[in-house]
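Visitor: when you get a sec, could you give me coordinates for this:
(one chain, ligands or ions: 1)
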Amino acid sequence: MLDSLAALTHHRDLDALDHSLVLTLAELTGARRVTLAKCFPEDSVLESVVCCSPDSRGAYHVHPLEPERLGAALGPVHRCLQDMQAQTETRNGLHRQLVPIVREGRAIGALQLDSALAPLRSRSLIDGFARIYANYTALLHESEHDKLTGLYNRRSLERQLQRMLQLRDRPLRPYPLAVPPAQEQRAAPAGEAAQVWLAIVDIDHFKHINDNFGHVYGDEVILLLAQQMRACFRRGDVLFRFGGEEFVALFSATDEVTVHGVLERFRAHVARFAFPLVGHVTVSIGYSRIGVHDYPAVALDRADQALYFVKQHGRDGVRGYEELGACGELGRGLAAGSIDLF
Ligand SMILES: Nc1nc2c(ncn2[C@@H]2O[C@H](COP(=O)(O)OP(=O)(O)OP(=O)(O)O)[C@@H](O)[C@H]2O)c(=O)[nH]1
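Guide: From the prediction side, this is the model:
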């Protein structure tokens with residue numbers, strides 16, 4: 001058991017941790033199936049499901065599943081998340097136990113164990129593992145997120161980028177929940193490959209905001225901007241505060257017109273937004289496509305060149321590295337960009 005715990009908490013990568021959790025529990029209990037369902041804490045919508053079950057020779061295998069495709073099969077998980085209560089039921093000789101995973105008073109997921117054995121010993125195991133998982137992921141979460149905004153910090157960029165590039169070849173599907181109409185346009189027809197894009201968002205003349213209103217209001221602008229980013233980007237897009245008044249978004253889209261539209265909509269939204277006391281604030285945005293072999297620093301540098309172009313041409317705008325290159329605008333009087341790459 002101690003070996004299992006040591007192996008589990010060795011992981012620094014959440015996906016590997018999730019796999020290890022269901023596999024460990026399945027092996028310790030001899031279950032027919034162990035499932036970990038994770039949700040977005042703000043609204044309990046399922047984010048990912050991973051399941052471990054034995055093959056015909058009894059060897060356990062872990063499979064990620066897509067929550068959207070599971071439909072009614074996830075009914076008990078949703079009830080467990082909603083009630084934040086453990087549940088047990090027995091049907092056709094199969095015992096099912098469901099335990100919520102609770103962090104800071106919110107359900108972040110649920111562990112489900114289906115077993116032919118009565119849930120006497122396994123109950124305390126599943127409870128204990130759910131608590132250890134909640135505590136350990138809280139530590140991982142803290143090390144990967146910016147304290148002020150709750151967005152990812154720059155240390156997480158490489159890992160999040162790898163994750164997105166791995167998902168890149170999967171066709172985009174609409175989210176299971178209603179999303180604002182302008183966001184739906186990024187759902188591509190089945191089979192159309194998505195590309196990953198990186199955008200740097202930089203608040204314009206932020207120094208004036210600090211100088212005129214003080215750092216507390218400066219921080220408030222950063223916090224509100226992060227909230228507006230969350231509201232304008234899709235759930236699966238990955239948002240970072242890169243430090244200071246600089247933010248990064250990683251997202252998938254099939255073509256540059258869509259990317260420009262998404263970023264332009266965000267820019268316009270910020271320009272309309274009334275920040276308390278400070279009033280209106282604008283942002284400049286530079287973006288670039290990320291190839292599967294590109295290092296994060298290369299993608300950042302390209303987006304930063306586009307951002308620099310916007311800063312040099314009036315701010316409050318959106319430009320892409322590729323389109324600037326295509327119209328021969330890049331390199332014309334461009335100095336190195338502002339972002340620290342390392
Ligand atoms: N309130 C607050 N200010 C910060 C934070 N981090 C950096 N800053 C300030 O952000 C300001 C950034 O200034 P500049 O890099 O000159 O950029 P700018 O004034 O936005 O000008 P442009 O980007 O050219 O439009 C500096 O005054 C920093 O001190 C933070 O966490 N909170």
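Visitor: what about stretch 221-231, average pLDDT?
Guide: Here stretch 221-231 scores 96 as its mean pLDDT.
Visitor: now swap in stretch 124-131 and tell me
Guide: Rounded mean pLDDT across stretch 124-131 is 92.
Visitor: one more: stretch 83-91?
Guide: 90.
Visitor: hmm, who's touching it?
Guide: Here stretch 83-91 makes contact (C-beta atoms under 8 Å, 6 or more residues apart in numbering) with 76, 79-80, 95-100, 102, 107, 119, 123, 127. Where you see a C-beta, it was placed from the backbone N, CA and C, and this is true even at glycine.
Visitor: put the buried members of these into a ChimeraX selection.
Guide: A single ChimeraX command is used to select the members of those judged buried by 16 or more other C-beta atoms under 10 Å:
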select :76,80,95,96,97,98,99,100,102,107,119,123
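Visitor: identify the residue with the minimum pLDDT among the contacts of stretch 83-91.
Guide: Scoring the contacts of stretch 83-91 by pLDDT puts P119 last, at 74.
Visitor: can you pull the contacts of that one?
Guide: T88, H95, Q97, L113.
Visitor: isn't there a strand covering the last one?
Guide: Yes. For L113, which was evaluated using DSSP: H, G, I helix; E, B strand; the rest coil, the result is membership in a strand.
Visitor: that one: how many residues sit nearby?
Guide: Other residues within reach of L113, judged by other C-beta atoms under 10 Å, total 27.
Visitor: and the contacts of the helix or strand hosting A26?
Guide: Per DSSP states H and E: A26 is located in helix 14-29. By C-beta under 8 Å, 6+ apart, the surrounding residues in contact with helix 14-29 are 1, 4, 7-8, 11, 31, 33-36, 38, 48, 50-54, 60, 62, 111, 113, 115, 117, 121-122, 125-126, 129, 133, 136-137, 140, 163.
Visitor: mind checking which of these are buried?
Guide: Buried among the contacts of helix 14-29 by 16+ other C-beta under 10 Å: 4, 8, 11, 31, 33-36, 38, 48, 50-53, 60, 62, 111, 113, 115, 122, 125-126, 129, 133, 136-137, 163.
Visitor: gap between the two ends of stretch 211-219?
Guide: End-to-end distance for stretch 211-219, by C-alpha to C-alpha, to the nearest Å: 12 Å.
Visitor: that one: how far from the chain's middle?
Guide: With C-alpha atoms, centre = their mean, to the nearest Å as the basis, stretch 211-219 stands 29 Å off its chain's centre.
Visitor: cool, stretch 95-102 as well?
Guide: 24 Å.
Visitor: got it, and stretch 234-252?
Guide: 9 Å.
Visitor: and if you look at stretch 62-81?
Guide: That offset, for stretch 62-81, works out to 19 Å (C-alpha atoms, centre = their mean).
Visitor: what residues sit buried inside it?
Guide: Under 16+ other C-beta under 10 Å, the buried positions of stretch 62-81 are V62, L65, P67, L70, L74, P76, V77, H78, C80, L81.
Visitor: likewise for stretch 240-255?
Guide: Buried residues in stretch 240-255 (16+ other C-beta under 10 Å): 240-242, 245-254.
Visitor: now stretch 86-95
Guide: Within stretch 86-95, judged by 16+ other C-beta under 10 Å, the buried ones are A86, Q87, H95.
Visitor: picking up where we left off before, now, the contacts of stretch 83-91 that are in strands?
Guide: If you go by DSSP state E, these have H95, R96, Q97, L98, V99, P100, V102, A107 in strands.
Visitor: A110: neighbour count?
Guide: With other C-beta under 10 Å as criterion, A110 counts 29.
Visitor: for it, give its distance to L120.
Guide: To L120, A110 is 21 Å away according to C-beta to C-beta, to the nearest Å.
Visitor: and the closest residue to the ligand within the stretch 51-200 of the chain, which of the three is it?
Guide: Residue nearest to the ligand within the stretch 51-200 of the chain (C-beta to the nearest ligand atom): L148, separated by 6.6 Å. Following three-state DSSP, L148 is assigned to coil.
Visitor: list the contacts for it?
Guide: So L148 contacts D219, I222, L223, A226, R241 (C-beta under 8 Å, 6+ apart).
Visitor: switch to 10 Å and redo it
Guide: Going by C-beta atoms under 10 Å, 6 or more residues apart in numbering, L148 touches D219, E220, I222, L223, A226, R241.
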